[in-house]
Structure formats: C-alpha cells, structure tokens
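In: Fold the stuff below for me.
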Amino acid sequence: MDRRQLLMGMAVAASTTLARPATAAHDFLPATRRTRQLAEFEALHLGVSFHFSVNTFTGDDYDTGKAPASTYNPTHLDVRQWIRTARDLGAKYAVLTAKHMSGFCLWDSQGYDYDVASSGNKTDVVASFVAACHEYGIKPGFYYCILDPRNKGRFDWNSLVPDSYYQLIKHHLTELHTRYPHPFYQLLDITWKVTHEQRWELYKLIKQFSPNCLIVMNQAFYQSRRNQGRICEEASWPTDIVNGEDTMPPAEGHDPHVVFQGKAYFMPMESWIPMGPPYKPMPPMHSWFWREGFKTQSAKTIAGIMKDCRDRRANLLLNLSPDTSGRLPDEMVNTLREAVRIIRS
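Out: Predicted structure coming up:
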C-alpha cells in the first residue's frame, strides 16, 4: 500500500467518526416552485467567489497537485480584507474554494496531509472565511472540485472517479458541513466525474447536514455557453440553481422555470464571472487565480456585467483572486471601487 492509499484509508475510516447529520435523512429534491430560500437567493443579486489555493503559488489555474504542500505560503494572509472588499462592492454572499482540483484543502482535514496543516501557513482559511463573513454580514458558501488528479492518480476530464476517492469526497464534504455548520451555499465542480446516483448521494448528504444550503452543480464553461441557463445539463443534476460559468444570462433574461427531463423546476440563474485576464493556455476562458502579470478587467466592464445580470434577472457571482501575500491586490480593490462609483453615478 502506497502513502496515498494509506491516507485515503485513514480519511475514509475517520469519516465514520464525524457527527451525525443535523436532520434525519429524507428525500430532498430540487424545488418545482419559488421557495422562501430561492426567493432569498434571488433578492441577494450579487455574490463574490475567491479562488485561492496552491494554484495561486504555482501560477497554474489547472494545477494537478504535484507541488508540495509547503508551496502554499501566504505571507500576509488577510481574509477579513477580502470580505470587507466584498461588502463594499455590495455583495451579499461569498464562496471560497475550499478544495480546488490540485487536491489542496484550505482547512486541516482529518487523516489527510495535503492541506494547510502541512503548508507554509497553517491558518485554517475556511474558519477565517466563515468568521469574516459573519462579522461583515455576508452569507458564506463553499466550492469543492471533484476533478482532482492528485487523489484520482491521473489527470483526465471525463473518466469516473475511483471509489476510494469518492469516499474521500464524502469525508471532505461532511467535514465542511459539520465543522463550519449552516453554510448558505455549496458549489460542486466537474460533476460529470461522478455517476448520477453519486450526485444524488452528495446532494442528499449536504442537505442532511445543511438543510437550508443551496447546492449548485456547476455546468462548466462550454456547457454554459451552449445553454445560457435555459436548461440544466444532465451531468449537473440535481441542483438548486442553474449557473453559467464565464457566461452571461441570455439577452431576453432568465426564465427560472427550467425543464429537466420533461419536468419544470424553479431555478434562479447565477452567472459566475472571473475578473482576471484571458487565460492563454485555455482560450477563450478568463483567469480564475492570481498569477504574475494578473490585471483585473476594467471597472467599466465590471459595472456593465453587474448591470446586465440584474437587468436579465440573474444573480452575479463575481470571482476575485487574492495574490501570494494572501490579500486582494490594490489594483483589483481600486478597480472594484471604481466599478461601484460607475454603477452609482
């Protein structure tokens, strides 16, 4: 048994000792009508996400987890500055990349060694993020990437994950929803790498611990550009929100009565837009993580995106990118302030 197999075995065993779900298991389902939770989501209009992980330090949006954990080493980590900036922008909710595709966790995961506890800065970023959100009146949410070459053993976009890694996914999500209870929002990415039955299991697992949590199964870039939130892709089901990655709502505006397999569901739309420059290794996408030479899109562009999303009846989840110091760079903060000035003028 190699070291990775040993760690996965420890993680799976540890998951059985975690707290029981907050509610008894029952048949959670996406809504067929506007519920109180969905109406609350629609009324928020603006959220922010933060892409920050080992990728920030390798300069690779698609980092595969080969760098040692010590590579992650923010020198002046200031999560409160992130959330203050979000508040000043007018955001009402925030989403943190708790684990991106490198496999690196921004919390100390039990029985797992590719995380902040083994890094150059051992701060529990998830805990700091949740605390800052509560301090500034922002609703917290988490991002978790299912694509994970480090834990799967190789990098490919489409094949299903092995059972050992799937058990680790459940362990991680259980930790997130018990250590940091009652998040507003949970985004799962690259969901076609688990089966339809496994997606349902993950959906219900999260709902059992966090029954009021809105779950978003990301549709990904090319799927989003194809459907613009008019339908839900099969590989992104079940989901509470239909989203568009780096994709704006349709010009006619979003109709929340979204049909999946012949049945209508009530699904608000969220456009998830990165504020970085074009990502040259994978055009035409934009950058999610900060890297050397990163320059935020213009204040005029950001203000236009904010206005268009609201006019087209969709929420905007605007992605921000802390740098290797662990702060949002001044250039980005000043650009966001100018975007707010434009919106208010």
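In: could you point out the longest helix in this protein?
Out: If you go by DSSP state H, the chain has its longest helix at helix 163-179.
In: what packs against the helix or strand just after that one?
Out: Once helix 163-179 ends, the next helix or strand along the chain (criterion: DSSP states H and E) is strand 185-189. Under the contact definition 3 or more CB pairs under 8 Å, 6 or more residues apart in numbering; DSSP states H and E, strand 185-189 sits against strand 93-99, strand 139-145, helix 163-179, strand 214-217. C-betas here are computed from N, CA, C, even on glycine.
In: out of the ones you listed, deepest packed?
Out: strand 93-99 (a mean of 27; mean count of other CB atoms under 10 Å).
In: Convert the C-alpha atoms of that strand to PDB, please.
Out: These are the backbone C-alpha positions of strand 93-99, laid out as PDB (Å, rounded to 0.1, in the frame of the first residue of the first chain):
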ATOM      1  CA  TYR A  93     -22.800  36.200  -0.200                       C
ATOM      2  CA  ALA A  94     -19.300  34.800  -0.700                       C
ATOM      3  CA  VAL A  95     -17.900  31.400  -1.900                       C
ATOM      4  CA  LEU A  96     -14.500  30.100  -1.000                       C
ATOM      5  CA  THR A  97     -12.500  27.400  -3.000                       C
ATOM      6  CA  ALA A  98     -12.200  25.100   0.000                       C
ATOM      7  CA  LYS A  99     -10.600  22.500  -2.400                       C
END
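In: counting contacts, what elements does that strand pack onto?
Out: Judged by 3+ CB pairs under 8 Å, 6+ apart, strand 93-99 is in contact with strand 46-50, helix 79-89, helix 125-136, strand 139-145, helix 163-179, strand 185-189.
In: what about 7 Å?
Out: strand 46-50, helix 125-136, strand 139-145, strand 185-189 (3 or more CB pairs under 7 Å, 6 or more residues apart in numbering; DSSP states H and E).
In: Tell me which of those sits nearest to Lys170.
Out: strand 139-145 (10.9 Å; CB to CB).
In: and the angle for that closest one with strand 93-99?
Out: With axes from the mean of the first three to the mean of the last three CA atoms, to 10 degrees applied, the angle from strand 139-145 to strand 93-99 works out at 30 degrees.
In: Now do strand 139-145: everything it contacts.
Out: The contact list for strand 139-145 (CB atoms under 7 Å, 6 or more residues apart in numbering) reads 49, 92-101, 129-130, 133, 172-173, 176, 183-190.
In: Number of residues surrounding the closest residue in space to Lys92 that isn't next to it in sequence?
Out: Nearest non-adjacent residue to Lys92, counting by CB to CB, 6 or more residues apart in numbering: Leu44, 4.0 Å away. Residues lying near Leu44 (other CB atoms under 10 Å) number 18.
In: any idea how far Pro162 is from Leu44?
Out: 37 Å (CB to CB, to the nearest Å).
In: Could you export the helices and strands packed on strand 185-189 to JSON lines, including columns for distance to Trp82?
Out: Shown next, in JSON lines, are these (distance: least, CB to CB, whole Å):
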{"stretch": "strand 93-99", "distance to Trp82": "8"}
{"stretch": "strand 139-145", "distance to Trp82": "12"}
{"stretch": "helix 163-179", "distance to Trp82": "18"}
{"stretch": "strand 214-217", "distance to Trp82": "20"}
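In: Make CSV out of the ones you listed and add mean pLDDT and distance to Gln198.
Out: Below are the helices and strands packed on strand 185-189 laid out as CSV (pLDDT from 0 to 100; distance: least, CB to CB, whole Å):
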stretch, mean pLDDT, distance to Gln198
strand 93-99, 98, 17
strand 139-145, 98, 14
helix 163-179, 98, 6
strand 214-217, 98, 12
